[in-house]
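Enquirer: Okay, predicted coordinates and the sequence, questions at the end:
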Amino acid sequence: MKFFLWSLSLLVASSTLAQEYHLDSIEVQSKYEDQMVEESIVKESKTLAKEAKGETLGDYLEQEQFIDSASYGPAVGRPVIKGMDGYRVGITNGNVNLNDLSSMSQDHAVGVMPRATKKIEFIKGPASLLYGSYSGGVIRVFGEEHQKKLLKDGLRVDTTMSYGSNGAGKIGSATLEAADSNFSAFISTAYHEADSYRDGENNLIKDSDTLSQQTHAVLGYQLDKSNIFKLYYDNLKKDYGIPNNTDESTTIDMKQKRYGLVWHAKDLFDTLEYAQTEISYSEYLHYEYEGSSADGLFGQNQFNLSTAFGLDFDDWHIDTNLEYLDNELKVCHEHGKCDYFRVADRDPNEIDGARMVATTLDPDNPDGLAFSHGHPMPNIDESIFKGGMAFKNFVNDTNEITLSARADLRNLTPNSENIQQLWLVPASIDPNYYDTINDSAVSGSLGWYNFLTDTVTMQTSLSYIQRLPSSTELFWNGFHHATNSYVMGDRCLENEESVNFDFDLMWSENGATSEVSFFYYNFSNYIYQTQIIGNNNEPINVNDISGIGHDAYAWGMSGAGALVYGVALKESYKKNINAHKLEGSVALEAIRGELKDGSDIPRMPPFSASIKLKHKYHDYSSSIGYKYVDRSRFEGANETRTPAYGWLSAYIEYVYKSKYIEGLIYLKGENLTNEMAYNHLSFLKDTAPLPGRQITAGLELKF
């Protein structure tokens, strides 16, 4: 069989440049559909689950090129896109921000179980500005409430059950659908429980157990042919360990509730293609325990109002998404005292934060930095108005141009009433430290899509991305149990800015497809964590400061010039031989990140290469894949190295169909060669290596 060279199906085809306007999920067919470079990719969550090596959002998406997962054991894995993580990657639930704190710290889980969603989409390029100013792109998860139609008439039940070895654990999900011509009801639940796993050398990874459960319910009503209303409720619970190097166990108990109403409209007037309005309120809460001691408590309540619509004017199509976000952040961080939100104790004899000034005279703290475990962060209230528009022009049959623009306006107020006195910044040092901040960010992008020939297509975009620094990057300080480090915010951070260039070329003919993709992102202000250097020109270990009780280094938020660039190649080939359907692919990927001072950006994805073969024959399907991940070659300051490894995966299924029932039996294997594998993108790469061999058997039934 012929081998292939494929490059990066740039996992990506945005609503405005590709086959779907995803705000409304309206499909636009093209005579070149099979030859189009994808700028946005949408997949059913159940399809992604078959190839995922775990149950996190990162696990579900890391099969796509330029996407990796920053894993912290089986419970946590936030997607990393083109080497960019945290606040450079947006995650939305439909058109509104997902309420969680996973961007703040990688040990915080993403606030959704991907198995509990219906679809997952990844968008880059001009259309991503509809949802946020993220240099890495936007990931959108969809529930039943985001579908523009009611469910089909009738009653349906869909269940999934599986059991896997070595930390894969027990997985169960069930969905019930009922509908008639005007009403629909949908309820689903997903469950995942797993014990601590063992690595490729059979070492037990302590505190790597997890328990997750999510329930989602939607009621739909069709008022008339133009208007549908959907009311939803969602409840997520996660209880998981963090396999770090502390003596006592570190666990996180996370809860999230969401309530909302979505209004779908169409054909209200001639030029309106669709409209979707969503009102939602969500409550997020997570406790952090060191042993049985409640050392941390984080809460975030969000109100969102979003309106998205599409308009057609002659040769122009316009997509718009407007969102108002009101966000309230609360924190407690003190040894054993965070069973509820409380105000820190203060010494009435120390006025106006005098103790902070005194730290500069403390012989045990010659650098004058205020370090304490207790209540180091203010509560935050912020209101943000976000607006994005994408203008798409069909110049002719072979050329499409997209112009996108975005503006974010923010009002942010820190409330220092809860802070321990040590951390207060007195007026004598900075009289404006806790003043309200009014700031803004603007972004723009130009994209060009060209069908060079009937078999060759090209897509390129140039973007200017400006991101507001998050409230946690600005104000939140304190000890992180998972990474055993102190992190200090910087109130004076300026907007993160980058100029991004993307290029994709695809050739497709007679079942063979070749792709090459390249990106080059130039940051004038790349926000990242860097070690704080003391007066002796050495990194500061806070254990050297009296009264801290942690052997940890101090890190501070900082901005610097940086370059992030990469290339990917991929070739695939499809062939039908009688009833046998064969597909194979080979992919290569290389990403580099460096600061302009000559040092390297930490935790960048190593070079990787993969091969995958798929076979389908009647009711049988199977696949086998092997991915080689190179050793780390460009480590950041104080970053540990990781060796190369290979990862062998296999999957086989049998589908049974009758008049009343459809069944699927599957068997899946991950890391079948039982390699010792380390995830270079993880802060816990050494204490939480990837699992050894896992075997999972499962059953799906539809009635």
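Expert: Looks like it came in fine.

Enquirer: What residues sit buried inside stretch 326-334?
Expert: The neighbour-count criterion (16 or more other C-beta atoms under 10 Å) identifies 327-334 as the buried residues of stretch 326-334. Where C-beta positions appear, they are placed from N, C-alpha and C, glycine not excepted.

Enquirer: Using PDB, list the CA coordinates for that stretch.
Expert: Extracted in PDB, the C-alpha atoms of stretch 326-334 (Å, rounded to 0.1, in the frame of the first residue of the first chain):
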ATOM      1  CA  ASP A 326     -20.200  39.800  34.500                       C
ATOM      2  CA  ASN A 327     -17.800  37.900  36.600                       C
ATOM      3  CA  GLU A 328     -17.200  37.600  40.300                       C
ATOM      4  CA  LEU A 329     -14.100  35.900  41.700                       C
ATOM      5  CA  LYS A 330     -13.700  34.900  45.300                       C
ATOM      6  CA  VAL A 331     -10.700  33.200  47.100                       C
ATOM      7  CA  CYS A 332      -9.700  31.800  50.400                       C
ATOM      8  CA  HIS A 333      -6.100  30.600  50.700                       C
ATOM      9  CA  GLU A 334      -4.900  29.700  54.200                       C
END
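
Enquirer: got the contact list for it?
Expert: 295-304, 338, 340-342, 344, 373-377, 379-384, 418, 420, 471-472, 476, 478-479 (C-beta atoms under 8 Å, 6 or more residues apart in numbering).

Enquirer: In strands, which of those residues appear?
Expert: Among those, the ones falling in strands (DSSP state E) are 295-304, 379-384, 478-479.

Enquirer: Quick check on those: which are buried?
Expert: Applying 16+ other C-beta under 10 Å to these, the neighbour count classes 295-304, 379-382, 384, 478-479 as buried.

Enquirer: Could I get the buried residue list for the lengthiest helix in the chain?
Expert: Criterion DSSP state H: the longest helix present in the chain is helix 45-51. Burial within helix 45-51, assessed by neighbour count using 16+ other C-beta under 10 Å, is assigned to 45-46, 48-51.

Enquirer: Now do the helix or strand following that helix: which elements does it pack against?
Expert: Per DSSP states H and E, the first helix or strand lying C-terminal to helix 45-51 is helix 57-61. If contacts are counted by 3 or more C-beta pairs under 8 Å, 6 or more residues apart in numbering; DSSP states H and E, helix 57-61 sits against helix 45-51, strand 67-71, strand 77-81, strand 119-123, strand 138-142.

Enquirer: Now do the buried residues in helix 57-61.
Expert: Result for helix 57-61 [16+ other C-beta under 10 Å]: buried residues 57-61.

Enquirer: related to what we said a few turns ago, which two in the buried residues of stretch 326-334 are spaced the farthest apart?
Expert: Spanning the widest gap among the buried residues of stretch 326-334 are 327 and 334, at 23.3 Å by C-beta to C-beta.

Enquirer: Could I get the full set of helices for this structure?
Expert: Using DSSP H, helices in the chain cover 45-51, 57-61, 354-358, 471-475.

Enquirer: Mind giving me the packing neighbours of the longest helix of the chain?
Expert: helix 57-61, strand 119-123, strand 645-657.

Enquirer: cutoff 7 Å now
Expert: Applying 3 or more C-beta pairs under 7 Å, 6 or more residues apart in numbering; DSSP states H and E, we find helix 45-51 packed against strand 119-123.

Enquirer: Now find how far off-centre the strand it packs on is within its chain.
Expert: Computed by C-alpha atoms, centre = their mean, to the nearest Å, the chain-centroid distance of strand 119-123 equals 11 Å.

Enquirer: Same question for stretch 251-265.
Expert: Centre-to-centre, stretch 251-265 and its host chain are 16 Å apart (C-alpha atoms, centre = their mean).

Enquirer: Now it: buried residues?
Expert: Buried residues in stretch 251-265 (16+ other C-beta under 10 Å): 251-258, 260, 262, 264-265.

Enquirer: Repeat that for stretch 415-430.
Expert: For stretch 415-430, the neighbour count (16+ other C-beta under 10 Å) marks 416, 418-425 as buried.

Enquirer: Stretch 695-703 too?
Expert: For stretch 695-703, by 16+ other C-beta under 10 Å, it's 696, 698, 700-701.

Enquirer: so where do the strands sit in the stretch 551-700 of the chain?
Expert: Using DSSP state E, counting those that start in this stretch, the strands of the stretch 551-700 of the chain run over 553-577, 580-595, 608-617, 620-629, 645-657, 662-670, 694-702.

Enquirer: can you tell me which of the ones you listed comes nearest to residue 190?
Expert: Of the strands of the stretch 551-700 of the chain, nearest to residue 190 by C-beta to C-beta is strand 694-702, at 13.1 Å.

Enquirer: Looking at the helices of the chain, which is nearest to residue 595?
Expert: Residue 595 lies closest, by C-beta to C-beta, to one member of those: helix 471-475, at 17.3 Å.

Enquirer: now stretch 97-106, how far from the chain's geometric center?
Expert: 8 Å.

Enquirer: Oh, that last question was meant for stretch 121-136, not what I typed.
Expert: The answer for stretch 121-136 is 12 Å, by C-alpha atoms, centre = their mean.

Enquirer: re earlier: mind putting the buried residues of stretch 251-265 into CSV with distance to residue 655 and pLDDT?
Expert: What follows is the buried residues of stretch 251-265, written out as CSV (distance: C-beta to C-beta, whole Å; pLDDT from 0 to 100):
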residue, distance to residue 655, pLDDT
251, 40, 91
252, 38, 93
253, 39, 95
254, 36, 95
255, 37, 96
256, 35, 96
257, 36, 97
258, 34, 97
260, 35, 96
262, 33, 97
264, 32, 96
265, 38, 94
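
Enquirer: Restricted to strands, list those.
Expert: Per DSSP E, the buried residues of stretch 251-265 map to strands at 251-258, 260, 262, 264-265.

Enquirer: out of those residues, what pair is the most spread apart?
Expert: 251 and 265 (45.1 Å).

Enquirer: on that earlier part again, nearest to residue 214, of the buried residues of helix 45-51?
Expert: Checking these one by one against residue 214 (C-beta to C-beta), the nearest turns out to be residue 45, at 12.0 Å.

Enquirer: any idea of the pLDDT on that closest one?
Expert: In this prediction, residue 45 carries a pLDDT score of 92.

Enquirer: still on that earlier bit, any chance of the buried residues of stretch 251-265 in a markdown table, plus distance to residue 283?
Expert: Listed next are the buried residues of stretch 251-265 as a markdown table, based on distance: C-beta to C-beta, whole Å:
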| residue | distance to residue 283 |
| --- | --- |
| 251 | 21 |
| 252 | 17 |
| 253 | 14 |
| 254 | 12 |
| 255 | 8 |
| 256 | 7 |
| 257 | 5 |
| 258 | 8 |
| 260 | 12 |
| 262 | 19 |
| 264 | 25 |
| 265 | 28 |
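
Enquirer: Can you tell me which of the residues you listed is nearest residue 171?
Expert: Using C-beta to C-beta, residue 254 is the member of the buried residues of stretch 251-265 that sits closest to residue 171, with 18.6 Å.

Enquirer: Fine, thanks again, bye for now.
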